[in-house]
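Novice: predicted model, plus sequence, below.
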Amino acid sequence: MTYWAARGCLRYHRPDAALLLLERALDASALQFEHTGTIWEFYHPHGGDPLTLARKPHTPYNAPCRDYLGHNPLIAMARLYDAVSKR
């Protein structure tokens with residue numbers, strides 16, 4: 001959701017807000033990587049432990065996937081941050 005919110009900020013001519021959102025999301029992802037050594041499928045919205053989140057309740061696949069970039073916009077957010085910060 002953060003990626004799409006940042007894209008919306010850019011569409012409405014608020015690169016400052018987009019940079020703030022992206023920077024915080026990227027920093028939080030880096031902090032989780034530092035603590036867990038993995039890139040998660042998705043993250044806790046308040047910076048908590050990703051393993052406390054329910055992905056598919058009532059199945060054996062209830063926790064976010066580890067080292068998963070299939071639906072994770074981490075690379076896209078980094079590229080967008082880089083592009084906007086160079087403007």
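Specialist: Happy to help now that I have it.

Novice: most remote residue from the protein's center?
Specialist: The C-alpha centroid of the chain is most remote from His58, which lies 25.1 Å away (CA atoms, centre = their mean).

Novice: am I right that that residue sits in a helix?
Specialist: No - counting by DSSP: H, G, I helix; E, B strand; the rest coil, His58 falls outside a helix, being coil.

Novice: and stretch 47-66, end to end?
Specialist: For stretch 47-66, the first and last residues are 16 Å from each other (CA to CA, to the nearest Å).

Novice: what does that stretch contact?
Specialist: Ala28, Leu31, Gln32, Thr36, Thr38, Ile39, Trp40, Glu41, Phe42, Tyr43, His44 (CB atoms under 8 Å, 6 or more residues apart in numbering). C-beta coordinates here come from the backbone N, C-alpha and C atoms, glycine included.

Novice: which strands and helices sit next to the longest helix seen in the chain?
Specialist: Ranked by number of residues, the top helix in the chain under DSSP state H is helix 15-36. Packing partners of helix 15-36 (3 or more CB pairs under 8 Å, 6 or more residues apart in numbering; DSSP states H and E): helix 2-11, helix 74-85.

Novice: buried set for the longest one?
Specialist: Going back to what we said before, that points to helix 74-85. Neighbour-count burial for helix 74-85 flags Leu74, Met77, Leu80, Tyr81, Val84 (criterion: 16 or more other CB atoms under 10 Å).

Novice: contacts for that helix next, please.
Specialist: 2-3, 6-7, 10, 15, 18-19, 22-23, 25-26, 29, 39, 69.

Novice: that one to helix 2-11, inter-axis angle?
Specialist: Between helix 74-85 and helix 2-11, the angle comes out at 20 degrees (axes from the mean of the first three to the mean of the last three CA atoms, to 10 degrees).

Novice: got the angle for helix 74-85 vs helix 15-36?
Specialist: Using the same axes, to 10 degrees: helix 74-85 against helix 15-36 is 140 degrees.
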